[in-house]
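> Pasting the sequence and the predicted model now:
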Amino acid sequence: MSNITTCIKTLGRGICIITGASKGFGHTLAQQVCSLLESGSVLLLVARTGTLLQKLTEELQSSTSAQQLVVRCIEADLSTEEGVKETVRAAKQEDVKDVDHVLLINNAASLPSISHFSSFINPDEVNSYLFFNVTSALTLTAGILQAFPPRPGLRWTVVNISSAFALQALPSWVLYCTGKAAREMMFRVLAAEEPNVKVLSYSPGPMDTEMQEEICRLTGACYDLLPCQEPGAKLMKLLLDNNFISGSHIDFFDA
């Protein structure tokens with residue numbers, strides 16, 4: 001019998017930062033990424049609710065895959081300037097001189113008011129939504145890039161959790177579509193500027209989360225929902241294969 005060598009892919013010895021990590025898709029991604037990071041990696045979990053973050057940390061630390069990782073919580077509200085600055089400060093404090101991969105997953109987002117275009121006459125409402133969903137993601141990503149500048153042997157990956165509605169107009173969803181479209185272009189510019197940074201906008205499809213429950217309650221539009229584990233597993237495979245074109249948009253149903 002011939003010997004068969006199995007090649008096991010990993011995300012390397014890295015620092016992985018996940019925003020919106022305390023529940024929903026972010027919670028699932030935190031669980032899934034643990035088994036793909038090598039021993040000594042750092043996992044930074046960012047969310048505004050400290051109790052949920054701590055519960056997630058305890059869950060992860062009880063699993064075999066996470067026992068060789070450094071798991072830290074960053075309680076920060078990314079809808080505020082201070083929350084963005086606190087996240088960057090916390091990331092800078094990590095000793096990552098030996099890491100070979102920086103992975104930032106921009107998952108944090110919010111559900112806007114769902115209303116006709118002509119109802120949005122309050123600039124503060126619009127600006128508040130766009131700060132959290134666009135400005136925050138831009139300044140956080142820029143801050144992390146400065147904290148861990150590209151160098152030989154360092155793999156850099158930025159993931160933007162996107163939506164089909166970054167590319168398609170949906171009536172009464174002007175803020176949501178605008179925010180997702182702006183993020184999409186923002187990260188395409190990053191891909192064009194930084195050839196050493198691999199950038200992916202990933203649309204996970206309709207998932208079984210609290211946000212989808214709220215959409216159903218508000219609009220009556222209820223979809224067949226995916227368990228978060230399925231889109232999460234497909235994203236992990238995309239990151240492991242690492243053969244997507246930087247700056248591209250990939251939908252769960254097309255991957």
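Thanks, I have the structure now.
> hey, where'd the helices end up in the stretch 1-150 of the chain?
In the stretch 1-150 of the chain, the helices defined using DSSP state H, counting those that start in this stretch lie at 24-34, 50-61, 81-92, 123-130, 136-147.
> Name the residues of the shortest one that come out as buried.
In terms of neighbour count (16 or more other C-beta atoms under 10 Å), helix 123-130 has its buried residues at Val126, Tyr129, Leu130. Placement of C-beta: from N, CA and C, glycine included.
> Model confidence at the residue lying closest to the last one once chain neighbours are set aside, what's the number?
Pointing back at Leu130 there. Using C-beta to C-beta, 6 or more residues apart in numbering and skipping residues adjacent in sequence, the residue nearest Leu130 is Gly179, 6.2 Å away. Listed pLDDT for Gly179 reads 97.
> The nearest residue to Lys23 once chain neighbours are set aside - how many residues pack around it?
Leaving aside its sequence neighbours, Lys23 sits nearest to Leu52 (C-beta to C-beta, 6+ apart; 6.0 Å). Using other C-beta atoms under 10 Å, Leu52 has 17 neighbouring residues.
> So Leu52 is in contact with Gly26, correct?
No: Leu52 is beyond contact range of Gly26, at 10.2 Å (criterion: C-beta atoms under 8 Å).
> Distance check, Tyr202 against Glu184.
Per C-beta to C-beta, to the nearest Å, Tyr202 is found 11 Å from Glu184.
> distance of Ser62 from Val71?
Ser62 is 11 Å from Val71, by C-beta to C-beta.
> Which helix or strand lies directly C-terminal to the longest helix seen in the chain?
In the chain, with assignment by DSSP state H, the single longest helix is helix 174-193. Next in sequence after helix 174-193, counting helices and strands by DSSP states H and E, comes strand 197-203.
> what's that following strand packed up against?
Secondary-structure packing of strand 197-203 (3 or more C-beta pairs under 8 Å, 6 or more residues apart in numbering; DSSP states H and E): strand 155-161, helix 174-193, helix 229-241, strand 248-251.
> buried residues in the last one?
The one in question is strand 248-251. In strand 248-251, counting by 16+ other C-beta under 10 Å, buried: His249, Ile250, Asp251.
> Many thanks, we can stop here.
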